[in-house]
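[1] Have a look; sequence and predicted model below, questions after that.
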Amino acid sequence: MNAPIPSRPSLTAKPSLILVVDDESMHRKLVRTILMREGYEVTTCSSGEEALAYLTTGDVDLVILDNMMPGMTGPEILVQIRSMPRTSHLPVLMVTAIKEVDEQVRVLDLGANDFVHKPYDAKVLMARVRSLVRLKKHIDESENFENVLTSLTTAVEAKDAYTSGHSERVARIAGLLAEQLSLDEDTYNLVKTGGLVHDIGKLVVDLSFINKPGKLTAEEWEVMKSHPEAGARICAPLRAALSLLPLIRHHHERLNGKGYPDGLVEDQIPKPVRIISVADVYDALTTNRSYRKAMPHEKAMSILDKEVADEAWDAEVVRAISEIDPAILAEDDMKEGKGLIEASKQ
């Protein structure tokens, strides 16, 4: 069987721009030729000072950086690249003739994403380049996704004066619960982001009736119950949101199968979803709504405990929230103007 041919950059998409930094003119020309033959755009610089000046304004997808240069060395340039917010996550491929393991470890510790040894095969160089260009694309997609989430969450918050700040509070409480439960960093980040977007379906569902003082009619309740599915539909096309879809769709599920929209039970509900659910209910109980005043912590906990007995919520998660200082749970980032949404814009 023939080996698959590595894919080149799309002819219709904008080619990735690669910055080659090397004091040797012949090597700059060689790398430029190899890269342009593969469809990349290339800019070259002969010194660290020139490269850093370019990076302050130019949009680059990858830097290929020579390790040994007069003036600023490759590692010194790398430190400067990592120190600038604009380029702190920019992929850097180091090119070095030094084969000592300690030097290889040093450049990786300083923030290089990968390296190749001189002399190298062009195929090896291109394999490294393709890998790091994909990394840059992933970084860009993640940043764009965060901007989309920020905009959508802000729009949801603006629809309803009574629940303004609700998503931020749920995100903060979910993060506190993840810490209390000693969960890993990935889960912590997942529930924090999930808290921000769990109600995103309310953006497209008409909930104009939600602030009326009385009980919802059967028809209104069915409309209300549609927002988790609507939220999942909004985010389903976003590849970066795949891990969030269960939190968005299932945050109103209950362990006893009495939740919605899918009536999931027990192990069908992942731990991050259980955390979001409890954080969501706790915030709803302890904040003012059109149909009732905010409950004190003790009363809210008594309701959660009762519902644990009815097998609605995860007992471990409810116990965790009971072990957190109520004053910390009651903190409102928005009072200080430091909400998660605003912070994400900085």
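    Now that the structure is in, tell me what you want to look at. Model, not experiment: these values are computed from the prediction.
[2] Helices of the stretch 201-346 of the chain, residue ranges please.
    Assigned by DSSP state H, counting those that start in this stretch, the stretch 201-346 of the chain shows helices spanning 218-224, 227-235, 245-250, 271-285, 297-309, 315-322, 326-329, 340-345.
[3] what's next to stretch 172-182, contact-wise?
    187-188, 191-192, 194-195, 275-276, 278-279, 282-283, 316-317, 320-321, 323-324, 328-329, 331, 333, 340 (CB atoms under 8 Å, 6 or more residues apart in numbering). From N, CA and C alone the C-beta is placed, and that goes for glycine too.
[4] With distance to residue 87, mean pLDDT and mean neighbour count added, can I get the helices of the stretch 201-346 of the chain in TSV?
    Below are these laid out as TSV (distance: least, CB to CB, whole Å; pLDDT from 0 to 100; neighbours: other CB atoms under 10 Å):
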stretch	distance to residue 87	mean pLDDT	mean neighbour count
helix 218-224	46	82	13
helix 227-235	30	87	21
helix 245-250	32	94	23
helix 271-285	33	95	24
helix 297-309	46	94	15
helix 315-322	40	96	18
helix 326-329	37	90	13
helix 340-345	20	38	15
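[5] Wait, residue 259 touches residue 253, no?
    Yes - Residue 259 is within contact range of residue 253, at 3.7 Å (criterion: CB atoms under 8 Å).
[6] between the two, which one's more packed in?
    Between residue 259 and residue 253, counting by other CB atoms under 10 Å, residue 253 is the more crowded of the two (24 against 20).
[7] So that one is in contact with residue 270, correct?
    No - if you go by CB under 8 Å, residue 253 and residue 270 don't touch, sitting 10.1 Å apart.
[8] got the angle for the longest helix anywhere in the chain vs helix 227-235?
    Assignment by DSSP state H gives helix 122-159 as the longest helix of the chain. Helix 122-159 and helix 227-235 are oriented at 140 degrees to each other (axes from the mean of the first three to the mean of the last three CA atoms, to 10 degrees).
[9] next one: helix 122-159 to chain centre, how far?
    Distance of helix 122-159 from its chain centroid, counting by CA atoms, centre = their mean, to the nearest Å, is 9 Å.
[10] what helices or strands is it leaning on?
    Counting contacts by 3 or more CB pairs under 8 Å, 6 or more residues apart in numbering; DSSP states H and E, helix 122-159 packs against helix 25-37, strand 62-66, strand 92-96, strand 114-117, helix 166-180, helix 185-197, helix 340-345.
[11] mean pLDDT for those: which is lowest?
    In terms of average pLDDT, helix 340-345 trails the rest of the helices and strands packed on helix 122-159, at a mean of 38.
[12] What spatial separation is found between the nearest residue to residue 141 once chain neighbours are set aside and residue 167?
    Nearest residue to residue 141, sequence neighbours excluded (CB to CB, 6 or more residues apart in numbering): residue 240, at 5.7 Å. According to CB to CB, to the nearest Å, residue 240 and residue 167 sit 18 Å apart.
[13] Compare neighbour counts for these two and give me the winner.
    Taking neighbours as other CB under 10 Å, residue 240 and residue 167 compare with residue 167 leading, 27 against 16.
[14] my guess is the more buried one contacts residue 152, does it?
    No - if you go by CB under 8 Å, residue 167 and residue 152 don't touch, sitting 10.0 Å apart.
[15] picking up where we left off before, adding distance to residue 31 as columns, could you present the helices of the stretch 201-346 of the chain in JSON lines?
    Output for the helices of the stretch 201-346 of the chain, formatted as JSON lines (distance: least, CB to CB, whole Å):
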{"stretch": "helix 218-224", "distance to residue 31": "59"}
{"stretch": "helix 227-235", "distance to residue 31": "40"}
{"stretch": "helix 245-250", "distance to residue 31": "42"}
{"stretch": "helix 271-285", "distance to residue 31": "45"}
{"stretch": "helix 297-309", "distance to residue 31": "61"}
{"stretch": "helix 315-322", "distance to residue 31": "54"}
{"stretch": "helix 326-329", "distance to residue 31": "54"}
{"stretch": "helix 340-345", "distance to residue 31": "37"}
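[16] Would you tell me which of the ones you listed gets closest to residue 17?
    helix 340-345 (26.4 Å; CB to CB).
[17] what's the spacing between residue 270 and residue 23?
    On the measure of CB to CB, residue 270 and residue 23 end up 53 Å apart.
[18] my bad, should have said residue 63
    15 Å.
[19] who has more neighbours, those two?
    Remark: of residue 63 and residue 23, residue 63 carries more neighbours, 27 against 15, as counted by other CB under 10 Å.
[20] count of neighbours near residue 330?
    14.
[21] what residues are up against it?
    Contact partners of residue 330, counting by CB under 8 Å, 6+ apart, are 286, 297.
[22] any idea which of the helices and strands packed on helix 122-159 is most buried?
    strand 62-66 (a mean of 26; mean count of other CB atoms under 10 Å).
[23] residues making contact with that strand?
    Counting by CB under 8 Å, 6+ apart, 16, 18-24, 27, 31, 51, 55, 74, 77-78, 81, 90-96, 112, 129, 132-133, 136 sit against strand 62-66.
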